[in-house]
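Asker: Sequence and computational prediction follow.
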Amino acid sequence: MTDQVIAADGTALAVQRRGTGRPLVLLAGQANDHTWWDSTRADFHPAHSTITMDYRGTGASGKPDVPYSTQLFADDVVAVLDGLGIERADVYGTSMGGRVAQWLAIRHPERVGRLVLGCASPGGRHAVERSAEVRRALLRPDAAETLADLMYTPGWRTTHPGPYRTLGDPSMPAHARKYHLRASNEHDAWDALPRITAPTLVLHGADDQLTPAVNATLLAERIPGARVHVFPGARHAYFEECRPEASHLVADFLAQPA
C-alpha cells in the first residue's frame, strides 16, 4: 500500500506500507528513496509491517528548494506515523537513515520502541570521518563505480551484478541532492545521544570506508545500554551483503521484550 502524508510544512511525503504485524520503520541512506530496502524488507514481514518513505527531495515526495536536516527528516517520520495512525514503532535506520533515527529516538522517545542503527555515525567533531582519499574518489567522474565499491565487496558484486538500489535516486533535482548531502554532513547528535531510552542495537561492516566502523563503537558507548555487532569483511551495505545474518540479528533483537 502506498500513501501520501503531508508534513508540517506542507511537503507531500510518499509512504509505503507492506506486510502485517508490529510496525517497523525502515529509513534509507542519503539521497535514496524507499527502494533502498527492496531486497531486505520482506525479511521482517513474518512479525512486522514495514513502513518506508521517500525522503523529501526523493522519489514521489515533494522536493522543496529549502535546506534539509536530519532533524527535519526525523520530524517527517513523525508526520508519517501520525498520518498512518501509529503511536509507536520500532525503527531501523541505515547510513543517513541511522542519523535520522537518532534524532527520532532523542526528540520523540514515546514514538520509538526498539532502535537499530546501521552503518551510521554520531556526526560532528567526535565522529570518525571517511578519509580524504575516499572523499576525492567520490568527486571523480566515475563516482558511481567508486560508491558501488564502497558499498559492496568485489566478490559479492561478482555474484550480484546489480542493479543496486543503494547508489542514489537518479531522479533527484540538483538542489535536493545538495540539501541531502548537507543534512548528512551537518548531523551532530553527540551531546544528545545519552538521552536515548529505546533499547538499541548498533550494526556495522568492519571494512566500511564510507562511514568507518569505529563509529559503531562510539555510538554504542554513547547510548545507554546499546549493543554492537560488527560484520567481518563487510562494507557499507552490510544489510544486503550479510543477509540473511543481518536480518536475522535484527529480527531477533526486535522480538525481545521491551
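Answerer: Yes, it's here. Residues are numbered from 1 along each chain as shown.

Asker: Next one: P199 from L104, what distance?
Answerer: In this view, P199 and L104 are 14 Å apart by C-beta to C-beta, to the nearest Å. Where C-beta positions appear, they are placed from N, C-alpha and C, glycine not excepted.

Asker: and the next element down the chain from the longest helix seen in the chain?
Answerer: Counting residues, the longest helix found in the chain (DSSP state H) is helix 70-84. Proceeding C-terminally, helix 70-84 gives way to strand 89-94 as the next helix or strand, assigned by DSSP states H and E.

Asker: Who has more neighbours out of P199 and L104?
Answerer: Shown here are P199 and L104; by other C-beta atoms under 10 Å, L104 has more neighbours (30 against 21).

Asker: which one is the more buried one nearest to, not counting chain neighbours?
Answerer: With C-beta to C-beta, 6 or more residues apart in numbering as the measure, A74 is the residue that lies nearest to L104, at 4.3 Å, once sequence neighbours are left out.

Asker: Distance-wise, check the residue lying farthest from the centre of the chain relative to L249.
Answerer: The outermost residue of the chain, judged against the average C-alpha position, is P141 (25.8 Å), by C-alpha atoms, centre = their mean. Counting by C-beta to C-beta, the gap from P141 to L249 is 38 Å.

Asker: What of V66?
Answerer: Using C-beta to C-beta, one obtains 38 Å as the distance from V66 to L249.

Asker: got it, and V15?
Answerer: Applying C-beta to C-beta, the value for V15 to L249 is 26 Å.

Asker: cool, E129 as well?
Answerer: Taking C-beta to C-beta as the measure, E129 falls 26 Å from L249.

Asker: Neighbour count: these two, which is higher?
Answerer: A side-by-side neighbour count of E129 and L249, using other C-beta under 10 Å, places L249 first with 17 against 14.

Asker: Test my guess that the more buried one contacts L203.
Answerer: Yes. Taking C-beta atoms under 8 Å as the contact criterion, L249 and L203 are neighbours in contact, 7.2 Å apart.
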